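Novice: the sequence isn't on hand, but the structure is:
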């Protein structure tokens with residue numbers, strides 16, 4: 001009982017520290033938006049934002065002397081054909097959704113965002129690196145420490161993960177309530193896919209590739225993406241039960 005309470009306290013402290021430090025990364029940008037002059041170098045703090053959860057997780061694991069245990073756990077599974085097919089289905093669904101939306105609006109969304117092959121490759125590398133850094137914290141660390149059932153854990157991580165994105169959505173992207181609500185739903189769905197897959201494969205590299213794939217391939221408005229991913233999850237659940 002005491003160990004469980006200690007773990008809950010550590011999770012609470014970790015989440016609180018992550019939220020506070022992540023928000024601080026966007027304070028300079030917020031001040032500048034409100035007409036307050038600040039040293040330009042402070043604006044680069046926002047680039048540390050994505051690293052905060054992983055750094056906080058690693059620091060806590062160092063204090064617990066559990067770094068090797070967690071990192072061994074994160075890469076303990078093999079990437080089999082089964083998991084490659086799951087990734088391929090998620091990627092194909094995103095590409096289909098993006099081209100379907102492109103057909104509706106009569107504009108090639110992919111070509112509009114990825115102007116050249118070089119820009120596509122650069123985006124893929126950048127999004128894969130940032131996804132890997134995020135997944136160390138959210139799936140590799142937080143998901144492993146939660147005491148609920150698997151689906152409860154994935155949804156809990158999804159909620160915490162969505163709230164963590166708020167400074168980026170509100171301050172950097174200047175989004176309103178409606179798109180933020182859609183993004184929260186999207187984040188929950190992505191968390192379910194990544195979390196359940198991680199429980200099955202135990203390989204954070206595959207989860208990072210899937211995470212990056214969602215960012216790269218799902219370029220339609222969130223309403224389209226939510227419907228498509230919800231369909232993928234529903235069909236996948238039905239097939240899993242039948243098998």
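Specialist: Right, received. Where do you want to start? The structure presented is a predicted model; accordingly, all values stated were derived computationally and were not measured.
Novice: show me where the protein has its strands.
Specialist: Assigned strands in the chain: none (criterion: DSSP state E).
Novice: which strands and helices lie in contact with the least confident helix or strand in the chain by mean pLDDT?
Specialist: Least confident helix or strand of the chain, by mean pLDDT, DSSP states H and E, is helix 222-242 with a mean of 88. Identification of packing neighbours for helix 222-242 by 3 or more CB pairs under 8 Å, 6 or more residues apart in numbering; DSSP states H and E yields helix 81-105, helix 177-201. (Each C-beta comes from the backbone N, C-alpha and C, glycine too.)
Novice: out of those, which one sits most buried?
Specialist: helix 177-201 (a mean of 19; mean count of other CB atoms under 10 Å).
Novice: make a markdown table out of the helices and strands packed on helix 222-242 and add distance to residue 168.
Specialist: Below are these laid out as a markdown table (distance: least, CB to CB, whole Å):
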| stretch | distance to residue 168 |
| --- | --- |
| helix 81-105 | 21 |
| helix 177-201 | 10 |
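Novice: in the least confident helix or strand of the chain, which residues are buried?
Specialist: Across helix 222-242, burial judged by 16 or more other CB atoms under 10 Å covers 222, 224, 225, 226, 228, 229, 232, 236.
Novice: identify the residues contacting the second one.
Specialist: Neighbouring residues of residue 224 by CB atoms under 8 Å, 6 or more residues apart in numbering: 97, 100, 101.
Novice: against residue 130, how distant is the nearest residue to the first one once chain neighbours are set aside?
Specialist: Counting by CB to CB, 6 or more residues apart in numbering, the nearest residue to residue 97 once its immediate chain neighbours are dropped is residue 228, at 4.2 Å. According to CB to CB, to the nearest Å, residue 228 and residue 130 sit 23 Å apart.
Novice: before we move on, the earlier item: relative to the whole chain's centre, how far out is the least confident helix or strand of the chain?
Specialist: Relative to the centre of its chain, helix 222-242 is centred 18 Å away, using CA atoms, centre = their mean, to the nearest Å.
Novice: now do it against helix 177-201, angle only.
Specialist: 30 degrees (axes from the mean of the first three to the mean of the last three CA atoms, to 10 degrees).
Novice: tell me what angle helix 222-242 forms with helix 81-105.
Specialist: Using the same axes, to 10 degrees: helix 222-242 against helix 81-105 is 150 degrees.
Novice: which residues sit against stretch 127-143?
Specialist: 11, 14-15, 18, 50-51, 53-54, 56-58, 61, 70-71, 73-74, 153-154, 157, 160-161, 191, 194-195, 198, 204-205, 207-209, 211-212, 215-216.
Novice: next: stretch 27-44.
Specialist: 45, 46, 171, 172.
Novice: which helix in this structure runs the most residues?
Specialist: Ranked by number of residues, the top helix in the chain under DSSP state H is helix 2-33.
Novice: quick one: mean pLDDT over that one.
Specialist: Mean per-residue pLDDT for helix 2-33: 90.
Novice: buried set for it?
Specialist: 11, 14-15, 17-19, 21-23, 25-26, 28-30.
Novice: stretch 207-223 now?
Specialist: 207-220, 222.
Novice: low-scoring stretches of the chain, by residue?
Specialist: Low-confidence segments of the chain (pLDDT under 70): 1-4, 241-243.
Novice: got phi/psi on the residue lying farthest from the centre of the chain?
Specialist: Distance to the chain centre peaks in the chain at residue 37, reaching 32.4 Å (criterion: CA atoms, centre = their mean). Main-chain torsions, residue 37, degrees, to the nearest 10: phi -80, psi 130.
Novice: and the gap between it and residue 171?
Specialist: 17 Å.
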